[in-house]
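[1] What would the 3D arrangement of this be:
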Amino acid sequence: KGMKVLVHGRIHYTKWTDSAGTDRYGCEIIAEKVDFLSRPKSAENENPELVDRDDEIPF
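    Okay, here's the model as predicted:
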C-alpha cells in the first residue's frame, strides 16, 4: 500500500527535559519539496486531473 515519494529537506533533532526530569528526544522531518514517484494502485488506470496545491503549504 501507499506511494513512493522523494523528500528533499532536513532532519532536526531536539532534546529536552520533561517535568519529571527525564531527558526526552525528538526528531522532525522538515520537507522542503515532496515528489510523488508513483500513483496508488487504485488510480493506476485513471487519469486524474493534476491540482497545484502549493498555495496551501503554510511556509
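[2] Residue 39: how many residues sit nearby?
    With neighbours defined by other Cβ atoms under 10 Å, the count for residue 39 comes to 13. All C-beta spots, glycine's among them, are computed from the backbone N, C-alpha and C.
[3] Also residue 28?
    Counted with other Cβ under 10 Å, residues neighbouring residue 28 total 11.
[4] quick one: it from residue 13, how far?
    To residue 13, residue 28 is 8 Å away according to Cβ to Cβ, to the nearest Å.
[5] Show me the shaky parts of this protein.
    Across the chain, residues meeting the criterion (pLDDT under 70) sit at 1, 40-59.
[6] now the strands for it?
    Taking DSSP state E as the criterion, the chain contains strands spanning 5-17, 23-36.
[7] Pairing partners for the longest one, with directions?
    Each strand paired with strand 23-36, and its direction, by DSSP bridges: strand 5-17 (antiparallel).
[8] Would you indicate which residues of the partner strand are buried?
    Using 16 or more other Cβ atoms under 10 Å as the test for burial, strand 5-17 gives no buried residues.
[9] Contacts for it, please.
    Residues from elsewhere that reach strand 5-17 (Cβ atoms under 8 Å, 6 or more residues apart in numbering): 23-37.
[10] So which of the residues you listed is surrounded by the most neighbours?
    Neighbour counts for the contacts of strand 5-17 (other Cβ under 10 Å) peak at residue 31, which has 13 neighbours.
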